[in-house]
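# here are the coordinates; sequence isn't available:
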């Protein structure tokens, strides 16, 4: 069975400071990893994904994530946080074996303080 | 990126009535669509996976007779909540995937309130 852990319910960061939202995963095969962002009463917006290739993945709105196979992690990062980045962030994983079911983490609320 | 719409964005209904939610992929053909339910401050719970032209695959614990899913075309899937009760009140989100993509594209969600 596959699973995703987002150990922090909430992350607070000052505007302009770097931010990190943590994610670890477990899958049987090779992982496909995703980050999504959700604003209040809205659906999820895709930020970035790791399928294969470079471990550092760059995505939308200046976000990036680093795939670390040995630590089974895929932390989301941004060098300089904006107040508008405040939202709920979900990490998700599926394995590479055809069936497209994706497992989502419980979400991390990011609060960027002006 | 690909666009997925949902209609309605919110609906209020009386207990015992049925509600239909539409999910459309606007600029690509979605071979697979997914229906999720999200409770306040919680993650997404996958309800079912539907492939165009075939029966939906429901997750364990989801009543298929209560949550009817139809994926009649490559651009449209519908979720009908039959005989709705207050405990069915939730945020329902659909997503769609093209066979050539790896990510799912999500609709904006539908807020259902059953009185």
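Received it, and whenever you're ready, just let me know what you need. Model, not experiment: these values are computed from the prediction.
# and residue 34, bridged to which residues?
Using chain A here. Counting by DSSP bridges, residue A:34 forms beta bridges with residue A:49, residue A:92.
# sorry, should have said chain B
Here residue B:34 sits in beta bridges with residue B:49, residue B:95, going by DSSP bridges.
# give me every residue that touches it.
Contact analysis of residue B:34 by C-beta atoms under 8 Å, 6 or more residues apart in numbering or on different chains lists A:102, B:46, B:48, B:49, B:50, B:94, B:95, B:96, B:97, B:104. Quick note: C-beta positions are derived from backbone N, CA and C, even for glycine.
# what do you get for residue A:90?
Residue A:90 sits next to A:6, A:35, A:36, A:37, A:38, A:44, A:104, A:105, A:107, A:108, B:43, B:44 when contact means C-beta under 8 Å, 6+ apart.
# Look up phi and psi at the third one.
Residue A:36 adopts backbone torsions of phi -130, psi 150, taken as degrees, to the nearest 10.
# Buried among the contacts of residue B:34? Need that as a selection in ChimeraX.
To isolate the buried ones among the contacts of residue B:34 in ChimeraX, judged by 16 or more other C-beta atoms under 10 Å in any protein chain shown, type:
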select /A:102 /B:46,48,49,50,94,95,96,97,104
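# what two of the contacts of residue B:34 have the greatest distance between them?
A:102 and B:50 (14.7 Å; C-beta to C-beta).
# At the geometric centre of chain B, which residue do we find?
Nearest to the mean C-alpha position of chain B, by C-alpha atoms, centre = their mean, lies residue B:35 at 3.6 Å.
# Can you pull out the low-pLDDT segments for the chain?
Chain wasn't specified; assuming chain A. Scanning chain A with the threshold set as pLDDT under 70 gives A:98-100.
# wait, chain B
Counting by pLDDT under 70, chain B shows low-confidence ranges at B:1, B:99-102.
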